[in-house]
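# Let me see the structure of the following:
(one chain, ligands or ions: 1)
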Amino acid sequence: MAHRITLIPGDGIGPEVTDAVVRLLGRSGLDIEWEREVAGAAAAELHGEPLPRRVLDSIVRNRVALKGPVATPIGSGFPSVNVEVRRSLGLYANLRPVASLPGLTTRFDNVDLIVVRENTEDLYSGLEHEVVPGVVESLKIITAKASERIARFAFAHAQRRGRRKVTAVHKANIMKLGDGLFLDSVRKVARDHQDIEYTERIVDAACMQLVMDPGQFDILLLPNLYGDIVSDLCAGLVGGLGLVPSANLGDGLAVFEAVHGSAPDIAGRGMANPTALLQSALLMLRYLNEDETAARILTALEHVLADGRVRTPDLGGAATTREFTDAIARQMEIRVPL
Ligand code: NAI
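Below is the predicted model of the structure:
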């Protein structure tokens, strides 16, 4: 079956890693028609706005998008394209599976976590104003509706994937109303899922426990800000930002992207690791019921990483993005099982 997918290469290393992924998916034998759209700094320069309406229209039309990282100016300038895409398309669930890959030297070798992050509210609602000079108010919005919706998603995902436990992460000891509402909403949903163990952790303690013993967690369920921070911490457990995928899911709409940013420090130098975006594309293929192809590409990726001879500099190697991608493509052709 043919798939038509919106492709947003993004900024910085975005075009480099999306080219790599498009090439590998092209070699997989799948019939994919990419609809390329420009967003981010490139679009701001080209069209005078970072997120032209046509980008959102394309995603709505195709229902599925693969997106490279988009740069967001710090402190001033245009608002985050990522936040706007998620909010305007109602992509309320951010799903980040974090699993150890073979052959990489990391503190733990058996990490298998899923981070579920609420994607539409909290301090990311973009509601900030200067009260008087020197005093700024940033509003943290938590609603029962969005909290329950993400909790239902997390428990349903646990059930679909046969996972054993959901842990809600919060700071309700300090933010008694906001995080308190989040927790109350999650508890309500947990009561409907007695077959799945439910626990709670305060966010600071959760960070410490994650770096000491990640095996005690399974699915982590967090409001937006903690989810953003904790999911990068989890990426660090398995080798860094260059490896970990994510999906932004709404009702019938999905945008898949790497968790990393545009990496301006290495952009244009052909040394970016395309694994994170490739793994995001594999999540996308599973979403599109192309499980067999996703498994075949994952086997090839795992082979190259386990073999260890061809690695990008973030993993201690000297290979270029191109050389690493070629090595995966060769493995896909050989199709040697691990
Ligand atoms: P970043 O993720 O771009 O980079 C952090 C560090 O990780 C850098 O040293 C970078 O070289 C390295 N890194 C990231 N991805 C890599 C890869 N695939 N291969 C090898 N090394 C990699 O984070 P930073 O510097 O905080 O943000 C840069 C820009 O990206 C900002 O404008 C930020 O707003 C944007 N950003 C966009 C995201 C998105 O579009 N989803 C997510 C995070 C940040």
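# Spell out which helix or strand contains the residue of the chain found nearest the ligand, please.
Across the chain, the shortest distance to the ligand (Cβ to the nearest ligand atom) belongs to Gly261, at 2.3 Å. C-beta coordinates here come from the backbone N, C-alpha and C atoms, glycine included. If you go by DSSP states H and E, Gly261 is not part of any helix or strand.
# Please tell me I have it right and it contacts Ser80.
No - assessed by Cβ atoms under 8 Å, Gly261 is found out of contact with Ser80, at 10.8 Å.
# how about the closest residue to the residue of the chain closest to the ligand other than its chain neighbours, what does it touch?
Nearest residue to Gly261, sequence neighbours excluded (Cβ to Cβ, 6 or more residues apart in numbering): Pro69, at 4.8 Å. Pro69 sits next to 10-14, 257-258, 260-263 when contact means Cβ atoms under 8 Å, 6 or more residues apart in numbering.
# was I right about Asp314 contacting Gly240?
Yes - using Cβ under 8 Å, Asp314 and Gly240 qualify as a contacting pair, with a distance of 5.9 Å.
# about what we covered before: list the residues that contact the residue of the chain closest to the ligand.
Each residue near Gly261 by Cβ under 8 Å, 6+ apart is listed here: 12, 69, 71, 241.
# cool, Gly48 as well?
Gly48 neighbours (Cβ under 8 Å, 6+ apart): none.
# quick one: it from Leu95, how far?
Per Cβ to Cβ, to the nearest Å, Gly48 is found 33 Å from Leu95.
# cool, and Asp326?
Asp326 is 30 Å from Leu95, by Cβ to Cβ.
# more neighbours, the two?
Leu95 (22 against 17; other Cβ atoms under 10 Å).
# My reading is that that one is in a strand; is that accurate?
Yes - under DSSP: H, G, I helix; E, B strand; the rest coil, Leu95 falls within a strand.
# For Gly316, see how far away it is.
Taken as Cβ to Cβ, the span from Leu95 to Gly316 is 29 Å.
# Phi, psi for Trp34 please.
Here is the backbone geometry of Trp34 (degrees, to the nearest 10): phi -90, psi 130.
# And the strands in the stretch 101-250 of the chain?
112-118, 128-132, 135-138, 165-170, 197-202, 219-222, 245-249 (DSSP state E, counting those that start in this stretch).
# would TSV of those with mean neighbour count and mean pLDDT be doable?
Output for the strands of the stretch 101-250 of the chain, formatted as TSV (neighbours: other Cβ atoms under 10 Å; pLDDT from 0 to 100):
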stretch	mean neighbour count	mean pLDDT
strand 112-118	24	98
strand 128-132	8	96
strand 135-138	10	97
strand 165-170	23	98
strand 197-202	16	98
strand 219-222	26	98
strand 245-249	23	97
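# How about the residues of the stretch 201-338 of the chain by the ligand?
241-242, 257, 260-266, 272-273, 276, 314 (Cβ under 6 Å from any ligand atom).
# Report the buried members of these.
241-242, 257, 260-263, 266, 272-273, 276, 314 (16 or more other Cβ atoms under 10 Å).
# hmm, back to that, from the contacts of Pro69, which ones fall inside helices?
Gly14 (DSSP state H).
# Give the buried residues for stretch 1-15.
For stretch 1-15, by 16+ other Cβ under 10 Å, it's 3, 5-15.
# Now the terminal residues of stretch 310-317, how far apart.
7 Å (Cα to Cα, to the nearest Å).
# Equivalent analysis for stretch 156-176, please.
27 Å.
# List the buried residues in it.
157-158, 163, 166-172.
# for stretch 307-321, same thing?
310-312, 314-315, 317, 319-321.
# just how off-centre is that stretch within its chain?
Chain-centre distance of stretch 307-321: 22 Å, with Cα atoms, centre = their mean, to the nearest Å.
# Go ahead and name everything in contact with it.
Outside stretch 307-321, the residues that touch it by Cβ under 8 Å, 6+ apart are 16-17, 20, 103-105, 239-240, 242, 266, 270-274, 304-305, 323-324, 327.
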